[in-house]
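> Return a 3D structure for these sequence lines:
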Amino acid sequence: MENQKNKPLRNQTAIVTGASSGIGQAIAIALGKAGANVAVNYHGDEVGADKTKEEIQNHGSKAITIKGDVSEKEEVEQLFLKTTDELGNIHILINNAGIQQDEPFKDMKAESWDQVIRTNLYGAFYCAQQAARIFIKQGMDNTLSKAKGKIIFISSVHDTIPWAGRVNYAASKGGLLTLMQSLAQELAPEKIRVNNISPGAIKTPINEDDWKDENRKKALLAKIPYGRIGEPEDVAKAVVWLASDDADYITGTTLYVDGGMTLYPSFLEE
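Next up is the predicted model:
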């Protein structure tokens, strides 16, 4: 039987949005490895979601897949209902689902602005609201966790670093920062912890053009003082820790998993 230290989230249930690939997939698998049962939310990639589910089950945890668009309130409600029906009480929400639609500001279509804001910001709001209501209704279970519930937003270094050509994305992540802080302040008396994890450059399918091409990779590495591009597992390990009781006194905080990108390395002087 595995040591509880190796399974800090044993018997807890987590929802991970956008968990069919990349960072979300790595997070869902890491939570399963840490003992949590996981609802794997996906929007279109059913094959990827099934792979995530299989990996979680290989670690001895339960997993289900649930298709749903987090930008639609009714689909978010169904996500939580189905999770409760199949896995019982919910203890952890990982708000990971997000999209990018890059366009110069002067040419940006209203639809591009709206779709990114609706998925990245509205979706996070809908999911967090459902989670908070459920955590409060369920009450405390000290045998599982010191908190009633944990909400973790997966944001970006661009919640603080401006990003020309992607104002919709940067605005959505900037919004997440103060959304998280305001929720953390409001929900702390209920013993619900709310935090952000903001990744920098991470090797995922969405940005493989930047790390597979040697010239673009070199330019990217110039922005990372630590000298390497992150792996999805770097974010996933941080999520597991932040969701565990080892981080019980942490709420309202953003953890930057970025190799020092937010240190503005262009100001580095030899």
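> Show me where the stretch 151-270 of the chain has its helices.
Remark: helices assigned in the stretch 151-270 of the chain by DSSP state H, counting those that start in this stretch are 167-187, 208-212, 214-221, 232-243.
> from those, which stretch is densest packed?
With neighbours defined as mean count of other C-beta atoms under 10 Å, the helices of the stretch 151-270 of the chain peak in mean count at helix 232-243, which reaches a mean of 21. Every C-beta, even on glycine, is put in place using the N, C-alpha and C of the backbone.
> roughly how far is it from the heart of the chain?
Centroid separation for helix 232-243 versus its chain: 9 Å, with C-alpha atoms, centre = their mean, to the nearest Å.
> Lowest mean pLDDT across the helices of the stretch 151-270 of the chain, which one is that?
Per-stretch mean pLDDT for the helices of the stretch 151-270 of the chain is lowest at helix 208-212 (a mean of 74).
> Can you work out which other helices and strands pack against that one?
Using 3 or more C-beta pairs under 8 Å, 6 or more residues apart in numbering; DSSP states H and E, the elements in contact with helix 208-212 are helix 214-221.
> Quick one: residues in contact with the helix it packs on.
Ala201, Asp209, Asp210, Trp211, Gly227, Arg228, Ile229 (C-beta atoms under 8 Å, 6 or more residues apart in numbering).
> Serialize the helices of the stretch 151-270 of the chain to TSV and add fields for distance to Ser20.
Output for the helices of the stretch 151-270 of the chain, formatted as TSV (distance: least, C-beta to C-beta, whole Å):
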stretch	distance to Ser20
helix 167-187	20
helix 208-212	16
helix 214-221	25
helix 232-243	13
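> So which of the ones you listed is nearest Leu9?
Nearest to Leu9 among these is helix 232-243; the distance by C-beta to C-beta comes to 6.2 Å.
> ok, now which ones touch Arg228?
Contacts for Arg228 (C-beta under 8 Å, 6+ apart) come out as Leu221, Gly259.
> wait, I meant Ala36
Contacts of Ala36 by C-beta under 8 Å, 6+ apart are Leu9, Arg10, Gln12, Thr13, Ala14, Ser61, His91, Ile92, Ala243.
> Once you drop chain neighbours, what's closest to the third one?
Okay, so that is Gln12. Once flanking residues are discounted, Gln12 sits nearest to His91: 4.0 Å by C-beta to C-beta, 6 or more residues apart in numbering.
> which ones are touching Val157?
Residues in contact with Val157, defined by C-beta under 8 Å, 6+ apart, are Ser198, Pro199, Gly200, Tyr256, Asp258, Met261, Thr262.
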